[in-house]
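*Asks:* Have a look at this prediction, sequence included:
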Amino acid sequence: MSAAVFGDFLAAASGHLKAAMVDGSNHASSPEALVHDLYRLVTVLTHYCDDLAPCDQVEALSRNDLHPWERAAVDAAEALRVAADCLQQGTDRAVGGQSDAIIPHEARHLVAAARELAAGRDLLHTHLSIDSDGRTRARSEWAPVVTSVPVTRALANEITRWSRVLAPFTALLAHPAAWETPSYGPVRSLAGLACAELASASQWLHVAGAAARPALEADPAQAADTDLLSAIPSSMVAPRSRPSPGGESVAELCHGITISASRLRRAMQDSQDRARWSPSATSGGWQWMAQAAAITSHLSELALRAAGTRADQFASPPASEAQLNNVADLMAAMRAAWSQVDQAWDAIITETRLIQTPAMTDASDLLLRMGRLVWDDPQWTPARSRRAPPRAPAALAPQPAAITDVVAAVHHAVDAIAHVARSEIDAVQAAGGAGRLYVPTRSLPAECNVPRPFTPAPTSQRRALIDAYRAAYQASLQVALELDGLAVAPATPSRVLALARAAASVQSSRPRVLLELDYDHRGDALSAGAPFRHSRASTGQAGPVERAIRDRPAPDPFALPRAAAIDNAAHQLIAEAEGVTKPASNVPGRQTNRQRASPSAAQLAAQSFPNDLRERPPEEPPSRSAGETASVSRHSQGLRRQVR
């Protein structure tokens, strides 16, 4: 049974709403029940808009940086809130009616629709949490997707559509004829007041529905946005699917790879916090993951080349042989980059060498299934003793659709490996900042007289390790982006990965989600002696003061924004001295005020050190020698005892 996604609740709610509109053409009994249940439904829609709105209507009037769909959410939320108040007043006015009337069938549909929408909202909220400081934090890798502009656009468009549907339904309830029932007789005073409140509610629902018109003109809703919204799963971790000792079919292997990749992404959550103190965050574990990533990259490369050979035999394959071989060539560079990470760990250790972790278990399942997809042996392992012939391309993909399944499995595997690299950059830096990375004293120069067998790793060695991780991340991300291009077809199983990656790079103005990568080091490749002209305000990278704070054994997180503000202020001062500062009036869409006071240090820090989730363009990977791209078969020996 597949895990629930938001689209399941949205489709069920839409079905109940449609049924209520059909059954509601004849309000034969208990109109007050309909009003009460309609109030519950409109209240749920109001909560959705409140989630999407980055501010209230008063603040929105003074802001010019809101996205059209965010402004639509603000306007719709206010209109729906007034409509809900009118419906509540209408319910109170109708108390004098018959209390034991049979609940009409359409009222049951309204209740069910409200229940399904509330459950869908709960599903979205499982990806986010509020900490003790009132800040929104991520609970899963889907958090930046939930807060993205495409999801905001799709959800706001759906809510305003529901408002337009409910407006005429409410107008029918406001008609006096709906209240001329045996329980009420001719329209009484209470029923007349209820009709007036319902008429007002109908008008405000029309206003909520019309709030989307400016946004639709400025930024039309797209089908891909709705597809992404519908595909958002709950944050619950899928149960582990152990590789079957009796063998699995190609379809079962591809499905198992998808599950293991999803579990691996979730297992990496909060790895930065664990790396500071947890004994399970070890150098052996990090090296094991690097070896597993290198071997999985090699196996994925072989799978794509076999799929490319098979694609050349079909008249209309989902991907051409040239496309698949091009991605396979990039995967060779990805494998070499992860091999460099493995080698960088040879001289660095932690106080604990190796402890099995859930992430290693999921990576092991992923590696085993990818190997059994490539090699014709249902019990294949990375051990050298388990040699097997490669699976024939015709057996790998009997039909063109099987090529899509194989590419989707590789897509999920590469995406998970890229997520591992991105998470471990910060995790390893956190471990180094906490003083948990050591090197043998004998590896240091002779002038370093340390009376202990091990000593904290020098800054240069830690930086070389992080640079290796950055190169592995850039190589993995490049392959993932290429596979995104192959997954754009609507029928591709991994299309949601491409949509989610594109959506996460375009964040809405809602309160920023604090991820593991709040202090982003991925593009930070400047040397410690970088001049002040390099700052986050100018290059998006850490300046010299910020880097000096980061290189301390235990950097103070509260000092980092202040250091960034100092770098940015120095950059601005140098620019002014050189006469290259551009007037603020030259910036499009920005109003200037020469009398405005200088911003405080806290404001500078907030402006120059934002919680920005957008991906930076990948840097060009450094050139590698032939020796660096050697085969990773030697890693099999290190993995054969760890893989289960």
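*Replies:* Cool, got the structure. Numbering: from 1, shown residues only.
*Asks:* now the stretch 51-200 of the chain, which segments are flagged as low pLDDT?
*Replies:* 92-104, 176-192 (pLDDT under 70).
*Asks:* By mean pLDDT, which helix or strand of the protein comes out lowest?
*Replies:* helix 601-608 (a mean of 36; mean pLDDT, DSSP states H and E).
*Asks:* who does the one helix or strand residue 48 maps to touch, helix- and strand-wise?
*Replies:* Using DSSP states H and E, residue 48 sits in helix 31-52. For helix 31-52, the elements it packs on are helix 68-93, helix 105-125, helix 149-174, helix 189-210, judged by 3 or more Cβ pairs under 8 Å, 6 or more residues apart in numbering; DSSP states H and E. Just so you know, the C-beta spots here come from the backbone N, C-alpha and C atoms, and that holds for glycine as well.
*Asks:* any chance of these in CSV, plus distance to residue 60?
*Replies:* Shown next, in CSV, are the helices and strands packed on helix 31-52 (distance: least, Cβ to Cβ, whole Å):
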stretch, distance to residue 60
helix 68-93, 5
helix 105-125, 22
helix 149-174, 14
helix 189-210, 15
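*Asks:* Can you tell me which of those is nearest to residue 501?
*Replies:* Evaluated over the helices and strands packed on helix 31-52, closeness to residue 501 peaks at helix 149-174, with 11.2 Å, by Cβ to Cβ.
*Asks:* shaky segments in the stretch 301-450 of the chain?
*Replies:* For the stretch 301-450 of the chain, the ranges with pLDDT under 70 are 384-386, 446-450.
*Asks:* Let's see that with 90 instead.
*Replies:* 315-317, 347, 351-354, 378-379, 381-388, 433-435, 440-450 (pLDDT under 90).
*Asks:* all helices in it, in order from the N-terminus.
*Replies:* Counting by DSSP state H, counting those that start in this stretch, the segments of the stretch 301-450 of the chain that form helices are 321-344, 358-374, 393-396, 400-433.
*Asks:* and the strand or helix carrying residue 291 with helix 321-344, angle?
*Replies:* Per DSSP H and E: residue 291 is located in helix 283-311. Counting by axes from the mean of the first three to the mean of the last three Cα atoms, to 10 degrees, helix 283-311 lies at 170 degrees to helix 321-344.
*Asks:* Helix 283-311 - contacts with which helices or strands?
*Replies:* helix 321-344, helix 358-374, helix 393-396, helix 400-433, helix 459-486, helix 635-639.
*Asks:* Quick one: closest of these to residue 156.
*Replies:* helix 459-486 (25.3 Å).
*Asks:* Against residue 148, how distant is the residue nearest the centre of the chain?
*Replies:* Against the mean C-alpha coordinate of the chain, by Cα atoms, centre = their mean, the closest residue is residue 142 at 3.2 Å. From residue 142 across to residue 148, the span is 10 Å (Cβ to Cβ, to the nearest Å).
*Asks:* I'd like to know the phi and psi angles of residue 276, please.
*Replies:* Main-chain dihedrals, residue 276, degrees, to the nearest 10: phi -70, psi -30.
*Asks:* Wait, it touches residue 432, no?
*Replies:* No. The pair residue 276 / residue 432 is not scored as a contact, 10.0 Å apart, by Cβ atoms under 8 Å.
*Asks:* Looking at the two now, which is surrounded by more residues?
*Replies:* residue 432 (24 against 15; other Cβ atoms under 10 Å).
*Asks:* The closest residue to the more buried one other than its chain neighbours and residue 318, how far apart?
*Replies:* Computed as Cβ to Cβ, 6 or more residues apart in numbering, the closest residue to residue 432 that is not its neighbour in sequence is residue 462, at 4.6 Å. Distance of residue 462 to residue 318, computed by Cβ to Cβ: 44 Å.
*Asks:* same question, residue 563
*Replies:* Counting by Cβ to Cβ - residue 563 and residue 318 are separated by 50 Å.
*Asks:* Check residue 115 too.
*Replies:* The value you get for residue 115 to residue 318, if Cβ to Cβ is used, is 40 Å.
*Asks:* now do residue 294
*Replies:* On the measure of Cβ to Cβ, residue 294 and residue 318 end up 28 Å apart.
*Asks:* Of the two, which one has the most company?
*Replies:* The neighbour comparison of residue 294 against residue 318 (other Cβ under 10 Å) goes to residue 294, with 27 against 22.
*Asks:* Surely residue 169 and residue 21 touch.
*Replies:* Yes. Counting by Cβ under 8 Å, residue 169 does reach residue 21; the two are 6.0 Å apart.
*Asks:* the more surrounded of the two?
*Replies:* Just comparing residue 169 and residue 21: by other Cβ under 10 Å the higher neighbour count belongs to residue 169, 21 against 17.
*Asks:* Dump the C-alpha coordinates for stretch 402-414 into PDB.
*Replies:* Extracted C-alpha coordinates of stretch 402-414, given in PDB (Å, rounded to 0.1, in the frame of the first residue of the first chain):
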ATOM      1  CA  ALA A 402      11.000  -0.400 -18.300                       C
ATOM      2  CA  ILE A 403      13.700   2.000 -19.400                       C
ATOM      3  CA  THR A 404      11.700   4.800 -17.700                       C
ATOM      4  CA  ASP A 405      11.600   2.700 -14.500                       C
ATOM      5  CA  VAL A 406      15.300   2.100 -14.500                       C
ATOM      6  CA  VAL A 407      16.100   5.800 -15.200                       C
ATOM      7  CA  ALA A 408      13.700   6.800 -12.400                       C
ATOM      8  CA  ALA A 409      15.400   4.400 -10.000                       C
ATOM      9  CA  VAL A 410      18.800   5.900 -10.800                       C
ATOM     10  CA  HIS A 411      17.300   9.400 -10.500                       C
ATOM     11  CA  HIS A 412      16.100   8.600  -7.000                       C
ATOM     12  CA  ALA A 413      19.500   7.100  -6.000                       C
ATOM     13  CA  VAL A 414      21.500  10.000  -7.300                       C
END
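*Asks:* now what about it, what contacts it?
*Replies:* With contact meaning Cβ atoms under 8 Å, 6 or more residues apart in numbering, stretch 402-414 is reached by 250-251, 253-254, 257-258, 261-262, 296-297, 300, 303-304, 307, 310-311, 314, 317-319, 324, 331, 334, 366, 370, 373, 396-397, 476, 479-480, 483-484, 486-487, 491-494, 497.
*Asks:* Give me the buried subset of the residues you listed.
*Replies:* 250, 253-254, 257-258, 261-262, 296-297, 300, 303-304, 307, 310-311, 317-319, 324, 331, 334, 366, 370, 373, 396-397, 476, 479-480, 483-484, 486-487, 492-494, 497 (16 or more other Cβ atoms under 10 Å).
*Asks:* was I right about residue 153 contacting residue 225?
*Replies:* Yes. Counting by Cβ under 8 Å, residue 225 is a contact partner of residue 153 at 5.2 Å.
*Asks:* who's more crowded, these two?
*Replies:* Using other Cβ under 10 Å as the criterion, residue 153 and residue 225 rank with residue 153 on top: 31 against 23.
*Asks:* For the residue lying closest to the more buried one once chain neighbours are set aside, give me its contacts.
*Replies:* The spatial neighbour of residue 153 that comes closest, neighbours along the chain excluded (Cβ to Cβ, 6+ apart), is residue 69 at 4.6 Å. Neighbouring residues of residue 69 by Cβ under 8 Å, 6+ apart: 52, 149, 152-153, 156-157, 212, 215, 219.
*Asks:* again, 10 Å this time
*Replies:* 52, 76, 149-157, 160, 211-212, 214-216, 218-219, 221, 225, 508 (Cβ atoms under 10 Å, 6 or more residues apart in numbering).
*Asks:* if I look at it, how far off is residue 148?
*Replies:* 11 Å.
*Asks:* swap in residue 240?
*Replies:* For residue 240 relative to residue 148 (Cβ to Cβ), the value is 29 Å.
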